[in-house]
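> prediction below, plus the sequence it came from.
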Amino acid sequence: MTRHFLNLSDAGGDAVAAMLSDAIARKAARAGWPKARPDADKPLVDHVLAMVFEKNSTRTRCSFDIAIRQLGGVPMILDAGTSQLGRGETIADTARVLSRYADAIMIRTDHHDKIEELAAYADVPVINGLTDLSHPCQIVADLLTIVESGKALPGLELAWLGDGNNVLSSLIEAAGLFGFNVRAGCPQGYEPDAAFVEAARAKGARIDILRDAREAVTGADLVVTDTWVSMGQEHAHNKIAAMAPYQVDERLMGAAKGDALFLHCLPAHRGEEVVDAVIDGAQSRVWDEAENRVHAQKSVLLWALEKL
């Protein structure tokens, strides 16, 4: 059966834990190496990764490109503006064709039903590089960053501030898989996807949806936020006004535990969801988090291609 990675639950907690262990080991093994040097075992030599971008990208594009190269494989990049994807070719036909050219497909798109259709017609693994519903690859990198920082996942208290978006949905999914708790400080009308919340609660995670930002952050082990307005969203001014009370500043960060960490998947709009003093401060692990996209996604690729 083809191993698609559309959400974290497609792999499950044990497989994601194996990804984290593999990522930690591979990262340590290449410490100090030039970034273009392949891993010693080159586990994906002779493999091609097709990367489909229907939304602009910096970290996803760069990290997957470097990831497949470090594993010994070759990247193939398609943009909607320069391929038939943007000219009306069906998703099913795209899946059939790319399955003949590549060993795996990563797609960054808008509607989640597109990636589900792609997976339904592809003969090779399909990996979610971001949809409007979820962002599982980002969360594998986040979990890697948390574990590397010496914090255990079970029982962790994670505070989220701002929009109940795709990143929060995948964090909530991870909470159900690994037994940590999420306090989401979100304004009315911007709550996370109810299905992810219900599924995590059913697994025993405590998921609180709160209106008060300080209540969400008080005593937290981890404070996480994201940009308030995603690409293509309308009515940005109204949304920014609703989000303003959830800005992570020094005062709000001070309500978390003294050793709490700050994460942000980037890009950051400094002065909106976070202030300079926090994102550049001693508690921030944002740059480790960004680097870990490479290491995490190498392990995602290995799992999807049944090398892990």
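Cool, the structure landed.

> got the domain boundaries for this protein?
8-135+293-304, 150-284 (automatic domain parsing).

> out of the ones you listed, nearest to Met1?
domain 8-135+293-304 (10.4 Å; CB to CB). Heads up, the C-betas are built off the backbone N, CA and C, glycines and all.

> gap between the two ends of that closest one?
For domain 8-135+293-304, the first and last residues are 12 Å from each other (CA to CA, to the nearest Å).

> quick one: average pLDDT of it?
When pLDDT is averaged over domain 8-135+293-304, the result is 96.

> off-centre distance for it?
12 Å (CA atoms, centre = their mean, to the nearest Å).

> so can I have a markdown table of the domains of the chain showing distance to Met1 and mean neighbour count?
Listed next are these as a markdown table, based on distance: least, CB to CB, whole Å; neighbours: other CB atoms under 10 Å:
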| stretch | distance to Met1 | mean neighbour count |
| --- | --- | --- |
| domain 8-135+293-304 | 10 | 19 |
| domain 150-284 | 20 | 18 |
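
> once you drop chain neighbours, what's closest to Arg293?
Ser63 (3.7 Å; CB to CB, 6 or more residues apart in numbering).

> would you agree the one you found is in contact with Lys298?
No: using CB atoms under 8 Å, Ser63 is not in contact with Lys298; the gap is 9.2 Å.

> out of the domains of the chain, which gets nearest to Thr2?
domain 8-135+293-304 (5.7 Å).

> test my guess that Arg59 contacts Arg293.
Yes: if you go by CB under 8 Å, Arg59 and Arg293 touch, sitting 5.4 Å apart.

> and the helices in the stretch 51-200 of the chain, which stretches?
Counting by DSSP state H, counting those that start in this stretch, the stretch 51-200 of the chain has helices at residues 59-70, 91-101, 112-121, 136-148, 166-178, 194-202.

> turn those helices into a markdown table, including distance to Glu272.
Below are the helices of the stretch 51-200 of the chain laid out as a markdown table (distance: least, CB to CB, whole Å):
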| stretch | distance to Glu272 |
| --- | --- |
| helix 59-70 | 19 |
| helix 91-101 | 34 |
| helix 112-121 | 26 |
| helix 136-148 | 19 |
| helix 166-178 | 16 |
| helix 194-202 | 25 |
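
> which one of those helices lies nearest to Asp79?
helix 59-70 (9.5 Å).

> helices or strands up against the closest one?
Applying 3 or more CB pairs under 8 Å, 6 or more residues apart in numbering; DSSP states H and E, one finds that helix 59-70 contacts strand 48-53, strand 74-79, strand 104-108, strand 126-130, helix 286-304.

> now do 6 Å
Contacts defined by 3 or more CB pairs under 6 Å, 6 or more residues apart in numbering; DSSP states H and E place helix 59-70 against helix 286-304.

> now the angle between helix 136-148 and the helix it packs on, please.
Per axes from the mean of the first three to the mean of the last three CA atoms, to 10 degrees, the angle that helix 286-304 makes with helix 136-148 is 120 degrees.

> elements contacting helix 286-304?
Counting contacts by 3+ CB pairs under 6 Å, 6+ apart, helix 286-304 is packed against helix 13-29, helix 59-70, helix 136-148.

> how far does it sit from the chain's center?
That offset, for helix 286-304, works out to 9 Å (CA atoms, centre = their mean).

> quick one: contacts of that helix?
3, 5, 15, 19, 22-23, 27, 59, 63-64, 66-67, 71, 104, 125, 127, 137, 140-141, 144-145, 263-264, 266, 279, 308 (CB atoms under 6 Å, 6 or more residues apart in numbering).

> and for stretch 72-92?
Applying CB under 6 Å, 6+ apart, the set of residues contacting stretch 72-92 from outside is 38, 42, 44-45, 47-54, 65, 68, 114, 117-118, 121.

> again with stretch 201-208
Residues outside stretch 201-208 that contact it (CB under 6 Å, 6+ apart) are 172, 175-176, 181-183, 197, 200.

> ok, now which ones touch the most centrally placed residue in the chain?
Geometric centre of the chain, nearest residue: Gln138, 1.5 Å, by CA atoms, centre = their mean. Residues near Gln138 by CB under 6 Å, 6+ apart: 167, 265.

> again, but for Phe64
Per CB under 6 Å, 6+ apart, neighbours of Phe64: 51, 106, 297.

> try Ala104
49, 124-125, 304.

> Asp65 versus the nearest residue to it once chain neighbours are set aside, what's the distance?
Closest residue in space to Ala104, ignoring its immediate chain neighbours: Pro125 at 4.6 Å, by CB to CB, 6+ apart. Here Pro125 is placed at a distance of 17 Å from Asp65 (CB to CB, to the nearest Å).
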